[in-house]
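Trainee: Got a sequence here, can you model it:
(one chain, ligands or ions: 2)
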Amino acid sequence: MRILLYNPDNGVTRNFMPHLWMFLLQSLTPPGHEVLLIDGNAHPMDEAQIAQYVRDQNIGLVGIGAMTRMIAKAYRIADAIRATGVPVVMGGPHVTELADEALGRDGGPRHADAVALGEADATWPQIVNDAVRGQLKEIYAPVDAAGKESKPSLKPYPVIPWDKIDLTQFNLVPKVFFPLLKKVGEGWGTFRIVPVESGRGCPYGCEFCTVTGFFGDSIRFRTNESVVNELLLLKARARKEKGQIAVFFIDDNFAINVKRTKSLLKDIIAANAQVHWVAQISANLLRDEELCDLIAASGGKWVFIGMESIDPTNLKDVNKGFNKPGEYAGVLERLAKRNVYAITSFIFGMDNDTVGVAERTLSQVRTWPPGLPIFGLLTPLPATPLYKRLEATGRLTRPRHWQEFIPFAMAHTPLKMSIDEAHAEVKYGWSHAYGPEAIAQAVDSLGDQPLGYRVNIFLARLCFRGIYFSMMGKLAWLKVVAQNRETIFKLVKEAVFGRGTRPRSTHLEETYEEVVVPVPAAE
Ligand code: B12
Ligand code: SF4
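Mentor: Ligands and ions are numbered 1, 2, ... in the order given. As a prediction, the model looks like this:
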């Protein structure tokens, strides 16, 4: 049977990184089937196009995965595919929580023939076998022989053949630059960001987060050996194609077990498996100096930190009191000392937020080492404790907000400001953190560092700007380039002529070595 796995586009991140679930399920598919992958972010398709594709390719089963944010699009695509007579199975966090919605058991239309609840590592082979026999069940739940929920151990973990998978669509280097950049240093003909997981689960249970409910509070890790082998495979691929590979460790809290993380990082270093990497780590775990040393030595370049708020009352309200705003600056300085920088994520619209929260937050951010601040709104995702609390207190203004998804729009009323005021705070945050002056300030603050670091922060800020401001299309990019022309001119001048009395690096390789554009992260 030919199987298609499809991930809908989110309209923001484009082809910056493939989704891990597709490669994982592909690797877990029983032998004898051909699995095709389409990531809408790299290969956008509308309903008619995908239906045509399914017919042309003689697909017998389609698997669709989506977060809440993309679920409306996922349902539209599923409807178009089912209309061709091909069965659709859906999985991922949204349908796990709202299987009845996907199956049309809540009074709405039906979108899926079957739903895979939770982690599908064990159920996927069974789904494929049932589909071959034409006997798909409606619900596949990961349970043991006694009917009790079971989680995959991640030991063993399937080998994802990264050396063979076609990743053409996930090259971040524009085509016109391939031939030239291949020759720079060790080669920049391709630059790919690849998702790797080293473990699953987070026990912290922050009120707005899906993870503790979905993956459970039991934390599971792959063996160090299997992670190291995956990195070696990726590194070899980059060398072969004269390109670069960076890894996004998608674990929700990469250092949740500090002892284990240190042992993994030591093994990466010992095996010479270092690649540049990004990971999500909560601030409380970054107090450890040895951990920070190992992060830097093993290739860590950016750490995503879910700071959420600089107000301890807010943090307590959302069950994230383990975040201590008083130590944010220290944590960031500890990382920056090792040339590791942070993507700092903030949520506005929390219950103790008042007008001016964005400026209060930015006034602290400006005193920290330069990084990539990102701003979102408190969003009640289905089945989270936050959703239940707001529903119980009648505060949801758009209880089914995912059915008509609007980016950066509240679905409930905050307590101490209006919805419009919360929207204005987010806009203020993005405008003031990503305006040309703020970008110039971030670049200048790394004045004592090699040029590569400044180019890195500059490119990263431009990319991150696109999370809020539309950067789709050449015109949008040209506008941003024009707005930041002074900074660009300064960087180019320094690359060509060097900088004042400071000795200039004569090796282009050295200049580009450190350029790793990080990616928008989640938490
Ligand atoms: C990586 C990641 C991202 C990447 C996504 C891009 C990418 N290429 O991967 C980035 C960084 C862009 C991102 C952004 C966001 N993310 Co995110 N992200 C993650 C993260 C950390 C890892 C995803 C992952 O690969 N997991 C590992 C794989 C193996 O698990 P999985 O995807 O769930 O797949 C398993 C099952 O779900 C199932 N499955 C999944 N799909 C399918 C399909 C079929 C057919 C079947 C049978 C089974 C199946 O089988 C898989 C194997 O067991 C998760 C948290 C997490 N740990 O999952 C959050 C998570 C998915 N993100 C989340 C959120 C909220 C966001 C943001 C909205 C955050 C924000 N406020 O901006 C943004 C939205 C971005 C956008 N514009 O769309 C939420 C989603 C909750 C929800 N109900 O939708 C999660 C769960 C985190 C959380 N805090 O709750 N994210
Ligand atoms: S927000 Fe981060 S720390 Fe909190 S429960 Fe979710 S994954 Fe864990």
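Trainee: low pLDDT regions in this structure?
Mentor: Counting by pLDDT under 70, the low-confidence segments of the chain come to 13, 174-185, 471-472, 500-523.
Trainee: make it 80
Mentor: Counting by pLDDT under 80, the ranges of the chain that qualify are 11-15, 172-188, 216-217, 470-473, 498-523.
Trainee: where does it come near ligand 1, residue by residue?
Mentor: Proximity of the chain to ligand 1 is assessed by Cβ under 6 Å from any ligand atom, with 10, 12-13, 17-21, 24, 63-65, 67-69, 89-94, 116, 119-121, 124, 195, 197, 209-211, 250, 252, 376, 381, 520-523 identified as the residues in range. Just so you know, the C-beta spots here come from the backbone N, C-alpha and C atoms, and that holds for glycine as well.
Trainee: Restricted to strands, list the residues you listed.
Mentor: Secondary-structure check on the residues of the chain next to ligand 1 using DSSP state E: residues within strands are Gly63, Ile64, Gly65, Val89, Met90, Gly91, Ala116, Pro195, Gly376.
Trainee: right, and Tyr341 touches Pro373 too?
Mentor: No: the pair Tyr341 and Pro373 fails to qualify as a contact (Cβ atoms under 8 Å) at a distance of 11.3 Å.
Trainee: which among the residues of the chain next to ligand 1 end up buried?
Mentor: 10, 12, 17-21, 24, 63-65, 67-69, 89-94, 116, 119-121, 124, 195, 197, 209-211, 250, 252, 376, 381, 520-521, 523 (16 or more other Cβ atoms under 10 Å).
Trainee: Strands of the stretch 351-500 of the chain, start to end?
Mentor: With DSSP state E, counting those that start in this stretch as the definition, the stretch 351-500 of the chain shows strands at residue ranges 372-377.
Trainee: and the chain, which of its residues are near ligand 2?
Mentor: Cys202, Tyr204, Gly205, Cys206, Cys209, Val211, Thr212, Asp252, Asn253, Ser282, Gly306, Glu523.
Trainee: Can you name the residues that contact the residue lying closest to the fourth one once chain neighbours are set aside?
Mentor: Meaning Cys206. Leaving aside its sequence neighbours, Cys206 sits nearest to Lys320 (Cβ to Cβ, 6 or more residues apart in numbering; 4.7 Å). Lys320 makes contact with Tyr204, Cys206, Glu207, Gly306, Glu308 under the criterion Cβ atoms under 8 Å, 6 or more residues apart in numbering.
Trainee: Pick out whichever of the residues you listed sits closest to Glu494.
Mentor: The shortest separation between Glu494 and any of the contacts of Lys320 is 34.5 Å, and it belongs to Gly306 (by Cβ to Cβ).
Trainee: so where does that closest one fall, helix or strand?
Mentor: With elements delineated by DSSP states H and E, Gly306 resides in strand 300-308, which encompasses its position.
Trainee: That strand packs against which elements?
Mentor: In terms of contacts (3 or more Cβ pairs under 8 Å, 6 or more residues apart in numbering; DSSP states H and E), strand 300-308 is packed against strand 276-280, helix 328-336, strand 341-348.
Trainee: For Gln449, find the nearest of those.
Mentor: Comparison of the helices and strands packed on strand 300-308 against Gln449 by Cβ to Cβ identifies helix 328-336 as nearest, at 9.7 Å.
Trainee: contacting residues for Val128?
Mentor: Val128 is in contact with Met1, Ile3, Thr29, Pro30, His33, Leu61, counting by Cβ under 8 Å, 6+ apart.
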